[in-house]
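*Asks:* here is a sequence with its predicted model. Questions after.
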Amino acid sequence: MKIKFLFLLIYPIIFLSYSNIFAIKKSGASLIYRATLEDCFDKTEGHLQQLISTGIEVDSEETMQEELIGFTALHMASYYGLYSGIPKLLAMGADINKPVGLCNCFSGMTALQLAIIRNLPKVVHALLQNHASLDVFPTVPWLSTTVCFDLFVESVCSYFSKEPLSELRDRLIEIAKKEVIDMAKILVSAGLKFDEYTKCHVLHKLDLNLDNLPS
């Protein structure tokens with residue numbers, strides 16, 4: 001009798017746990033991203049093509065994982081640095097300029113902007129090679145690529161911001177400068193023009209003149 005009673009208590013927990021697992025698996029964006037990963041690292045490709053052939057939309061937005069809600073598989077690839085997966089997703093028809101859905105702290109950002117703030121130059125380069133737009137998007141009018149570059153600069157400056165004066169701080173500043181220069185070169189070569197605010201910001205933070213990037 002006690003065993004039956006315990007089973008009646010435990011069964012709903014087991015059922016809900018399995019339901020949650022299956023719900024996550026049914027998220028189109030997660031499935032597509034996983035298939036892209038498999039195509040990038042598996043010796044046999046075709047996982048993504050096979051999944052798309054079932055009718056799942058390549059630009060499906062994540063609905064289950066709270067921190068990624070509104071992301072497509074392309075956004076995930078950009079966020080996590082899967083640059084080799086970008087051409088695979090684009091070949092399947094992914095929208096390179098689609099902004100993150102309006103349920104996330106990254107809402108309105110494109111794959112390119114995500115890659116910039118995450119300091120992923122290989123991803124930025126891959127997206128720009130495939131004609132990602134540098135323009136502002138109307139869903140979040142203030143959110144431009146330049147603003148995302150400013151956020152990226154703040155991020156790399158956090159390397160040394162709390163470090164007292166020392167050789168280590170000097171070394172961290174040099175690392176931050178190199179990362180900013182590398183990212184700026186990629187964006188400038190694609191046609192981005194930094195506004196005066198960003199130029200002053202970088203000059204103040206890192207003593208770098210964006211008008212005279214070293215070759």
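*Replies:* Right, received. Where do you want to start?

*Asks:* helices of this protein, residue ranges please.
*Replies:* Ranges of helices in the chain, per DSSP state H, are 2-25, 28-41, 47-52, 73-80, 86-91, 111-117, 121-129, 145-157, 167-189, 196-206.

*Asks:* any chance of CSV for the ones you listed, columns mean pLDDT and distance to Glu67?
*Replies:* Yep, even glycine has a C-beta here, placed from its N, CA and C like the rest. Listed next are these as CSV, based on pLDDT from 0 to 100; distance: least, Cβ to Cβ, whole Å:
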stretch, mean pLDDT, distance to Glu67
helix 2-25, 39, 13
helix 28-41, 94, 12
helix 47-52, 94, 23
helix 73-80, 97, 10
helix 86-91, 97, 20
helix 111-117, 97, 13
helix 121-129, 97, 19
helix 145-157, 95, 18
helix 167-189, 96, 24
helix 196-206, 95, 28
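
*Asks:* so which of the ones you listed is nearest Ser215?
*Replies:* Of all the helices of the chain, it is helix 167-189 that lies closest to Ser215, at 8.8 Å by Cβ to Cβ.

*Asks:* show me what contacts the residue most central in space within the chain?
*Replies:* Closest residue to the average C-alpha location of the chain: Tyr79 at 2.0 Å, with Cα atoms, centre = their mean. Applying Cβ atoms under 8 Å, 6 or more residues apart in numbering, we find Tyr79 in contact with Leu68, Phe71, Leu114, Ala115, Arg118.

*Asks:* quick one: the second one and Ile181, what's the gap?
*Replies:* So the one you mean is Phe71. Between Phe71 and Ile181 the distance is 29 Å, computed by Cβ to Cβ, to the nearest Å.

*Asks:* neighbour count: those two, which is higher?
*Replies:* It is Phe71, of Phe71 and Ile181, that has more neighbours when counted by other Cβ atoms under 10 Å, with 28 against 16.
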